[in-house]
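*Asks:* Quick one, what's the 3D model for this:
(4 chains)
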Number of protein chains: 2
Amino acid sequence: MPSIQPRPAFLLAQVGAHAARRFAERVAVLGVAPSDVGVLRMILTTPGRSQQSLAEELGVVPSRVVTLLDALEGKGLVERRRNPADRRNYALHLTEEGARVMAAVWELGAAHEDELLAALDAGQRAHLTALLEAVAVHQGLTAGVHPGYQGPPRAGG
Amino acid sequence: MPSIQPRPAFLLAQVGAHAARRFAERVAVLGVAPSDVGVLRMILTTPGRSQQSLAEELGVVPSRVVTLLDALEGKGLVERRRNPADRRNYALHLTEEGARVMAAVWELGAAHEDELLAALDAGQRAHLTALLEAVAVHQGLTAGVHPGYQGPPRAGG
DNA sequence: TATTGTTATACTCTATAACTATA
DNA sequence: TATAGTTATAGAGTATAACAATA
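*Replies:* Numbering: from 1, shown residues only, chains lettered A, B, ... in the order given. Model prediction:
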């Protein structure tokens, strides 16, 4: 009896993937990918942090952080500052341009949310948020970290 | 003023990606990927359909369907039957084994949903489903088709 | 010897374009 | 000439493992 009725788990994956895709399209006009936004946000939140700490929180391998940061540094959005006390690691900081981009992302995020949830009124949005938050907490998801950093799984039935 | 407060759009993407990942882990024990499940489900729903029609509904290029089906045929889950009337196209059908795998996916799906929504009671689940369905309909999402088939966008902030 | 970051390499996923066979 | 499907190829994205510099 395979179904056509909406299964909440599938709807969640479907709508979530759609949200991620639309967000990617929006931030693309700023010249960044969603993965870049995640990294920029973490550096904005905790300036001076190391690449290792980023890798751990994102749940990716350190070499991937190198690639991510090479691109962001190349675009002039992030700075790697040598730590004089321990010259093995870098202290990561946003440049002014990086901060500007994050402000723009903030604007786009609001528009994105409005478009995505256009079908719901304010009360319904609040209710949805509360339900999703309960699920996220119960599932042990790290606030602000998208599991998309962690590899393969894509399309789904 | 970049936030830490839960943004519903981000929560949706985050929880959705988590759901997709957990589902992928579960069906992996059956030897299939989520993308395979989507294809199998479409063939189960409309037996005899062509590869072209699959490509269109999934929003992917026909050559990708070839790859997907080669794997499923290799595992003995799908059969390509020549259409005597028009020998250019195939009529796709599940094998008995393919039908068995889909039945097993069905079981796993129920367990998956229970685990994913463990934080919510029955009423809350129904409410969440209704809200998500409203969003999905308004966003023009095709019932049962995961946007993950359509390419790049991954991690996100 | 341990840690931070980098490079070299390989693997997976997916699309593009050229191709075959039918029609 | 048009359509269904296939193959060959290339490009992203990501991980593994070996490596360099510093501690």
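*Asks:* Closest approach to chain B from chain A, which residue is it?
*Replies:* Using Cβ to the nearest Cβ, the single residue of chain A nearest to chain B is residue A:16, 1.5 Å away. From N, CA and C alone the C-beta is placed, and that goes for glycine too.
*Asks:* Would you state the helices of chain A in chain order?
*Replies:* A:8-28, A:34-45, A:51-58, A:62-74, A:96-116, A:122-138 (DSSP state H).
*Asks:* Give the buried residues for the fourth one.
*Replies:* Yep, that's helix A:62-74 we're talking about. Of the residues in helix A:62-74, A:64, A:65, A:68, A:69, A:71, A:72 count as buried by neighbour count, 16 or more other Cβ atoms under 10 Å in any protein chain shown.
*Asks:* close enough to count as contact, the second one and residue A:55?
*Replies:* Yes: A contact is recorded between residue A:65 and residue A:55 when judged using Cβ atoms under 8 Å, the distance being 4.7 Å.
*Asks:* ok so, going back, quick one: closest of the helices of chain A to residue B:28.
*Replies:* helix A:8-28 (15.6 Å; Cβ to Cβ).
*Asks:* what packs against the closest one?
*Replies:* helix A:34-45, helix A:96-116, helix B:8-28, helix B:96-116, helix B:122-138 (3 or more Cβ pairs under 8 Å, 6 or more residues apart in numbering or on different chains; DSSP states H and E).
*Asks:* Turn these into a markdown table, columns for mean neighbour count and mean pLDDT.
*Replies:* Formatted as a markdown table, the helices and strands packed on helix A:8-28 follow (neighbours: other Cβ atoms under 10 Å in any protein chain shown; pLDDT from 0 to 100):
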| stretch | mean neighbour count | mean pLDDT |
| --- | --- | --- |
| helix A:34-45 | 22 | 95 |
| helix A:96-116 | 16 | 96 |
| helix B:8-28 | 23 | 93 |
| helix B:96-116 | 16 | 96 |
| helix B:122-138 | 17 | 96 |
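*Asks:* who wins for proximity to DNA strand C among those helices?
*Replies:* Nearest to DNA strand C, of all these, is helix B:8-28, at 9.7 Å by Cβ to the nearest atom of the strand.
*Asks:* rewinding a little: list the contacts of the closest residue to the residue of chain A closest to chain B other than its chain neighbours.
*Replies:* Closest residue in space to residue A:16, ignoring its immediate chain neighbours: residue B:16 at 1.5 Å, by Cβ to Cβ, 6 or more residues apart in numbering or on different chains. Contact analysis of residue B:16 by Cβ atoms under 8 Å, 6 or more residues apart in numbering or on different chains lists A:12, A:13, A:14, A:15, A:16, A:17, A:19, A:20.
*Asks:* Now compare the residues you listed and name the two farthest from each other.
*Replies:* A:12 and A:20 (12.2 Å).
*Asks:* List, one by one, the residues from chain A near DNA strand C.
*Replies:* A:50-52, A:62-63, A:65-67, A:69-70, A:80, A:88-90, A:152, A:154-155 (Cβ under 7 Å from any atom of the strand).
*Asks:* re earlier: could you tell me how far the residue of chain A closest to chain B is located from DNA strand D?
*Replies:* According to Cβ to the nearest atom of the strand, to the nearest Å, residue A:16 and DNA strand D sit 16 Å apart.
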